[in-house]
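coordinates only, sequence not included:
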């Protein structure tokens, strides 16, 4: 009976813990507001000419609805430096932790990062490391 109880505790611990992301790899910090940017190297996938990856914005100050972090699943086309946001999820706590407060699928449109922007820096880093 004792072994069964221990086994059940272990099983339920893994079933009911928050979804854990892979290890976030630091990319850059916004010098104006202190936001930090990361991407999940463990979840980078290639399909044809596209790279798919999760990107995290960790905010020092609350975002619009009081959230402290935002994750985006991006489709990246390194050949012409453009990206598409396929999924956006916000969280109450920093680093993609805590309660998920929104799960949004943005319009299906390509964006081109502005020169010298965080988006350009992240896109270039992911392309260099995973192409």
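Nice, thanks for sending it over. As the structure is a computational prediction, the values presented were derived from the model and not from experiment.

where are the low-confidence patches of this protein?
Residue ranges of the chain with pLDDT under 70: 1-22.

which residue sits closest to residue 106, ignoring its sequence neighbours?
Excluding the flanking residues, the one nearest residue 106 by Cβ to Cβ, 6 or more residues apart in numbering is residue 85, at 4.7 Å. For glycine as for every other residue, the C-beta is placed from the backbone atoms N, C-alpha and C.

Likewise for residue 62?
residue 68 (6.1 Å).

To what extent is that neighbour buried, counted in neighbours?
Using other Cβ atoms under 10 Å, residue 68 has 20 other residues around it.

contacting residues for it?
58-59, 62, 91-94, 98 (Cβ atoms under 8 Å, 6 or more residues apart in numbering).

That one and residue 117, how far apart?
22 Å (Cβ to Cβ, to the nearest Å).

now residue 58
For residue 58, the distance to residue 117 - Cβ to Cβ - is 17 Å.

Among these two, which residue is more densely surrounded?
residue 58 (22 against 11).

The more buried one is in contact with residue 39, isn't it?
No - in this structure residue 58 lies outside contact range of residue 39 using Cβ atoms under 8 Å: 11.8 Å.

quick one, what contacts the residue nearest to residue 74 when sequence neighbours are not counted?
Distances taken as Cβ to Cβ, 6+ apart place residue 83 nearest to residue 74, at 5.2 Å, with adjacent residues excluded. Neighbouring residues of residue 83 by Cβ under 8 Å, 6+ apart: 74-77, 110-111, 113, 119, 123.

Would you mind listing the buried residues in the helix or strand hosting residue 83?
Assigned by DSSP states H and E, residue 83 falls within strand 82-91. Neighbour counts over strand 82-91 (16 or more other Cβ atoms under 10 Å) mark 83-85, 88-91 as buried.

now do stretch 89-105
Buried residues in stretch 89-105 (16+ other Cβ under 10 Å): 89-91, 94, 96-97.
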